[in-house]
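The sequence and its predicted three-dimensional model are supplied below.
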Amino acid sequence: MISVKGLVKSFGDLEVLKGISTEVDAGQVIAVIGPSGSGKSTFLRCLNKLEEPTGGTVEIAGFNITDKKADIRAARQEIGMVFQHFHLFPHLTVLGNLTYAPMKVRGESKAQAEEKARTLLKRVGLSDKADSYPASLSGGQKQRVAIARALAMEPKLMLFDEPTSALDPEMVKEVLDVMKDLAKSGMTMIVVTHEMGFAREVADRVLFLDQGKLVEEGTPDEFFSNPKTDRARDFLEKVL
Amino acid sequence: MNLDFTQMTPYIPYMLEGIWVTLKFVAVALLIGALIGTLLALFKISGPAPLRAFAVAYTSIFRGTPLILQLMLIYFAVPQLTGYDITPFLSAITAFGLNSAAYISEIIRAGIQAVDKGQVEAAQALGVPYRAMMKDIILPQAFKNILPALMNEVITLTKESALVSTIGYLDLMRRAQVVGASMYRQFEPLLFVGLIYWVLVMILTLIGRKIERRLKASDIR
């Protein structure tokens, strides 16, 4: 599903990603963890070209997006993305947020898009909020709508960029529950997160990034109980 | 005190006609300004380098020189250079239209750039094409930022429109001067049109507030 080879990203003189390579199979859930500034979010954003990779190749959902001729809009339709700060469209209702892209980009009819949107809202437990505006929702509700919005495009995989970091503690669980449910349904997911519990419980594999390098990767069991590198051990001591 | 408004009575209809003359030319100038201004703003935000440079230079020149100078240049220079005898009305809408385009382009540019960058990323991540993103996602949000400043520009334009009296265009201001000259009393007609300008501006202010309040309402629904 994803094949990253030698991914490098620089902002001017600052090299944020220093050659990252990894593979992700369909249906896998990958947790990307690491200290802040380690390049985890940049790594994720290179996967749908919100950041333009400086070097290396990224193949994802059947597109070689580092190829100059790649149809990046077509690739993005297959790649759902959930942001830390939700980025819902504030001038559209919840239903409008969910139906806009399917209608505009996938050419679905209004009835078709709305039916799918209502099913998705039910799935994230927000059926009663279809006609609300984002400003009237709590953080946890906003993030669940954002997840539903991404799912409405029927993507092949989903990217999560610290989806619970901007939430009040009591709202983290409702978002993680939706994500767990999604993982169980077989969705391929790459999750940049500080939620070690989620990584341990749901992820098939953990990627540990530090200073722009993929320092360690393995199953959550291996990684959390028996980290191989000092840097991973240091990090886990601080967060667990 | 030597004020006598009664002498002015026969001239009142003549001066009131000036309201229409002023509004007509302000409206046309504003329309020109809005059209060119939108175009310039788009050049500045996402145009290719030469167009961006043009838009920046245009804004710099029209904001950096006096409006009355621009008006005089157009009114006097066009006949001198081309032999075409440009009318005061045409000079006025050209000068004011081109001038307000510079200001409006800055208002629109700032309004668009004030929209959260996350909105662009969210739309991009969903595969939304650029034009649709601008039209459906960015501009509706930018409009809320733009409107108050735009209303200000309309008010400024309405007041500054009095400058066209200098090229003999028979607007409110010019009519006050004509009436003043013919009855040898300047103070009363000037006061009278001053009041009219003030009322016009107040009406525009109220309209602006009303629209703003309506736009804000959608934030909390």
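Yep, that arrived.

looking just at contacts, which helices and strands does the longest helix seen in chain A meet?
What stands out as the longest helix in chain A, according to DSSP state H, is helix A:169-184. Under the contact definition 3 or more Cβ pairs under 8 Å, 6 or more residues apart in numbering or on different chains; DSSP states H and E, helix A:169-184 sits against helix A:139-151, strand A:188-192, helix A:196-202. (Glycine included, C-beta is placed from N, CA and C.)

At the contact with chain B, which residues of chain A appear?
By Cβ under 8 Å from any Cβ of the partner chain, the part of chain A that sits against chain B consists of A:48, A:50, A:73-74, A:76-77, A:79-81, A:83, A:85, A:87-91, A:100-101, A:104-105, A:132-133, A:135-136, A:149-150, A:153.

can you rerun that using 6 Å?
Taking Cβ under 6 Å from any Cβ of the partner chain as the measure of proximity, chain A contacts chain B at A:48, A:50, A:73, A:76-77, A:81, A:85, A:87, A:89, A:91, A:101, A:104-105, A:133, A:135.

and the two most separated of the residues you listed?
Farthest apart among those by Cβ to Cβ are A:Arg73 and A:Ala135. That separation is 29.0 Å.

which stretch of helix or strand covers A:Lys5?
strand A:2-11 (DSSP states H and E).

Name the residues of that strand that come out as buried.
With burial defined by 16 or more other Cβ atoms under 10 Å in any protein chain shown, the residues of strand A:2-11 counted as buried are A:Ile2, A:Val4, A:Leu7, A:Val8, A:Lys9.

Give the rounded mean pLDDT of whichever strand or helix holds B:Leu157.
When elements are defined using DSSP H and E, B:Leu157 is found to belong to helix B:139-160. Helix B:139-160 shows a mean pLDDT of 90 in the predicted model.

on contacts alone, who are the packing partners of it?
Under the contact criterion of 3 or more Cβ pairs under 6 Å, 6 or more residues apart in numbering or on different chains; DSSP states H and E, the helices and strands touching helix B:139-160 comprise helix B:88-113, helix B:187-220.

which of these is buried the deepest?
Taking mean count of other Cβ atoms under 10 Å in any protein chain shown as the contact definition, the stretch among the helices and strands packed on helix B:139-160 with the greatest mean neighbour count is helix B:88-113, which reaches a mean of 22.

Pull up the residues of chain B that are close to chain A.
Close to chain A, as judged by Cβ under 6 Å from any Cβ, chain B has residues B:118, B:121-122, B:125-128, B:132, B:137, B:140-141, B:219, B:221.

The helix or strand containing A:Val215: partners in the sheet, and parallel or antiparallel?
Using DSSP H and E, the secondary-structure element containing A:Val215 is strand A:213-218. Strand A:213-218 has the following sheet partners, assigned by DSSP bridges: strand A:205-210 (antiparallel).

for the strand it pairs with, the distance to its chain's centre please.
Centre-to-centre, strand A:205-210 and its host chain are 15 Å apart (Cα atoms, centre = their mean, to the nearest Å).

Then stretch A:13-20?
Stretch A:13-20 has its average C-alpha position 21 Å from the chain's average C-alpha position, going by Cα atoms, centre = their mean.

And it, what's buried?
In stretch A:13-20, residues buried by neighbour count (16+ other Cβ under 10 Å) are A:Glu15, A:Val16, A:Leu17, A:Lys18, A:Ile20.

and of those residues, the nearest to chain B?
The shortest gap between chain B and any of those belongs to A:Val16, at 17.4 Å (Cβ to the nearest Cβ).

Report the secondary structure state of that closest one.
Three states are possible here, and by DSSP: H, G, I helix; E, B strand; the rest coil the one that applies to A:Val16 is strand.

Quick one: residues contacting it.
Contacts for A:Val16 (Cβ atoms under 6 Å, 6 or more residues apart in numbering or on different chains) come out as A:Lys9, A:Gly39, A:Thr42, A:Gly212.

Need the pLDDT of the first one.
Note for A:Lys9: predicted pLDDT of 96.

which residues touch B:Ala55?
B:Ala55 makes contact with B:Leu40, B:Phe43, B:Lys44, according to Cβ under 6 Å, 6+ apart.

Tell me the most packed of those, by neighbour count.
Of all those, the most densely surrounded is B:Leu40 (27 neighbours; neighbours counted as other Cβ atoms under 10 Å in any protein chain shown).

And the nearest residue to it once chain neighbours are set aside, how far from B:Arg209?
Nearest residue to B:Leu40, sequence neighbours excluded (Cβ to Cβ, 6 or more residues apart in numbering or on different chains): B:Ser105, at 3.6 Å. Here the distance between B:Ser105 and B:Arg209 works out to 25 Å (Cβ to Cβ, to the nearest Å).

rewinding a little: just checking: what are the partner strands of the strand holding A:Lys5?
As defined by DSSP bridges, the strand partners of strand A:2-11 come to strand A:14-24 (antiparallel), strand A:55-60 (antiparallel).

mean confidence score for the longest one?
Averaged across strand A:14-24, pLDDT comes to 95.

Contacts only, for the closest residue to A:Val202 other than its chain neighbours.
Leaving out its chain neighbours, the residue that sits closest to A:Val202 by Cβ to Cβ, 6+ apart is A:Ala183, at 5.1 Å. A:Ala183 is in contact with A:Val29, A:Met189, A:Val202, counting by Cβ under 6 Å, 6+ apart.

Out of those, which comes closest to B:Pro79?
For the contacts of A:Ala183, the minimum distance to B:Pro79 (Cβ to Cβ) is 71.7 Å, reached by A:Met189.

got a pLDDT number for that closest one?
Among the per-residue scores, A:Met189 shows a pLDDT of 97.

Am I right that it is in contact with A:Gln28?
No: under the criterion of Cβ atoms under 6 Å, A:Met189 makes no contact with A:Gln28, lying 7.8 Å away.

How many neighbouring residues does residue 116 have?
The chain I'm using is chain A. Using other Cβ under 10 Å, the number of residues around A:Lys116 comes to 19.

Hmm, no, I was thinking of chain B.
Using other Cβ under 10 Å, the number of residues around B:Asp116 comes to 13.

just for chain B, where's the confidence low?
Scanning chain B for pLDDT under 70 picks out B:1, B:217-221.

same thing but at 80, please
Regions of chain B meeting the criterion pLDDT under 80 cover residues B:1-3, B:215-221.

Can you tell me how far the nearest residue to B:Pro148 once chain neighbours are set aside is from chain A?
Once its chain neighbours are removed from consideration, B:Pro148 has its nearest residue in B:Glu212; the separation is 6.0 Å (Cβ to Cβ, 6+ apart). In this structure, B:Glu212 and chain A are 15 Å apart, going by Cβ to the nearest Cβ, to the nearest Å.
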